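Asks: Next come a sequence and a model predicted from it.
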Amino acid sequence: MGEFVDVALGFPTALFSFSLLVVAGYWTLVLLGGLGIDFLGAGADADTGAGAGAGAEDGFAAEHLAPLGLGGVPATVVLSVLVGLAWFVSLAGSALLDGAVLRALVLPFALVVAWIGTRAAVLPLRRVFQGRAEASLRDFVGLPCVIRTGRVGPDFGQAEVTAPDGSSAIVQVRQPAMDVPVAGAAAGAPAGAGLTAGSTALIFDIDPDGHFFWVMPYDTAPDLR
């Protein structure tokens, strides 16, 4: 037991031991219900820009993990697997090798192996989380939303939508380019001129590839619910 503790608290394993304790404490709180964790919400926030708080932080981490091939899954899951694998490989390498030089080589080896293992684990999980997130986001289709940006067009726009359970989210929205001016707009006005900050629109479709919703003026739209 003493040798295990020495290796776990020695270089380079100690670099991952503290992170592993944080991960273990985090998931303990999740299992005990001490944290309001919504995996689905985290995944959706990263893709659509919806929500704030924990979802925004998860989205920030996901932006840095995606270039490494670790995107598409909540960052909390990815980081937990990454830390766990890095700690285990580092512990095993430090126990088998002796000498400062050899143990120094364990650190980059552990990071590479952890990245490969985490990427392999993310591939099947990505399909599960993305499928659930898309299904949940489709619940917004047919709901009214309030525009929060100065304009909405085919390439820009955000709106606040309130779900049936009372929760609200900021989502990315787009309005298709139209050949005729929006009803009530001046002749020759650009497309999307009828949707400005504070106006109400109706979400009528979702673009899963572009991660945004299509909207139209609410007063001219049919009830899609």
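Replies: Received the coordinates, thanks. Owing to the predicted nature of the structure, the values given are computational and were not obtained by experimental measurement.
Asks: Who are the packing partners of the top helix by length along the chain?
Replies: Ranked by residue count under DSSP state H, the longest helix found in the chain is helix 100-137. Where contact means 3 or more Cβ pairs under 8 Å, 6 or more residues apart in numbering; DSSP states H and E, helix 100-137 is packed against helix 39-48, helix 75-96. To be clear about C-beta, it is placed using only N, CA and C from the backbone, and glycine gets the same treatment.
Asks: So for it, what gets flagged as buried?
Replies: Within helix 100-137, the residues scored as buried using 16 or more other Cβ atoms under 10 Å are 103, 106-107, 110-111, 113-115, 117-118, 121-122, 129-130, 133-134, 137.
Asks: what's the helix or strand for residue 159?
Replies: strand 158-162 (DSSP states H and E).
Asks: Could you spell out the sheet neighbours of that strand, each with its direction?
Replies: Applying DSSP bridges to the sheet, strand 158-162 is found paired with strand 144-147 (antiparallel), strand 168-174 (antiparallel).
Asks: Could you list the residues in contact with that strand?
Replies: Residues outside strand 158-162 that contact it (Cβ atoms under 8 Å, 6 or more residues apart in numbering) are 49, 140, 143-149, 152, 168-173, 201, 203, 213, 215.
Asks: hmm, which of those residues are the buried ones?
Replies: For the contacts of strand 158-162, buried by 16+ other Cβ under 10 Å: 49, 140, 143-145, 147, 149, 152, 169-173, 201, 203, 213, 215.
Asks: Report how many residues lie close to residue 176.
Replies: 13 (other Cβ atoms under 10 Å).
Asks: ok, so what distance separates it from residue 209?
Replies: 16 Å (Cβ to Cβ, to the nearest Å).
Asks: Likewise for residue 201?
Replies: For residue 201, the distance to residue 209 - Cβ to Cβ - is 21 Å.
Asks: so how far is stretch 110-122 off the chain centroid?
Replies: 19 Å (Cα atoms, centre = their mean, to the nearest Å).
Asks: any idea of the mean pLDDT for that stretch?
Replies: Mean pLDDT, stretch 110-122: 93.
Asks: ok, and for the host helix or strand of residue 5, which residues are buried?
Replies: For residue 5, the host element (DSSP H and E) is helix 2-8. Residues of helix 2-8 classed as buried: 7-8 (neighbour count, 16+ other Cβ under 10 Å).
Asks: Can I get it in CSV? Just the C-alpha atoms.
Replies: The C-alpha trace of helix 2-8 is given here as CSV (Å, rounded to 0.1, in the frame of the first residue of the first chain):
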residue,chain,number,x,y,z
GLY,A,2,2.8,2.3,0.8
GLU,A,3,4.5,1.7,-2.6
PHE,A,4,1.2,2.5,-4.3
VAL,A,5,0.8,5.8,-2.4
ASP,A,6,4.4,6.7,-3.3
VAL,A,7,3.9,6.1,-7.0
ALA,A,8,0.5,7.9,-7.0
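Asks: List the buried residues of the helix or strand following it.
Replies: Next along the chain after helix 2-8, taking DSSP H and E as the criterion, comes helix 14-31. Neighbour counts over helix 14-31 (16+ other Cβ under 10 Å) mark 16-17, 19-20, 23, 26 as buried.
Asks: Which secondary structure elements does helix 14-31 sit against?
Replies: Packing partners of helix 14-31 (3+ Cβ pairs under 8 Å, 6+ apart): helix 75-96.
Asks: neighbouring contacts of the helix it packs on?
Replies: With Cβ under 8 Å, 6+ apart as the contact definition, helix 75-96 has outside contacts at 3, 7-8, 10-13, 15-17, 19-20, 23, 26-27, 37, 39, 42, 46, 58, 61-62, 65, 70, 103, 106-107, 109-111, 113-115, 117-118, 121-122, 125.
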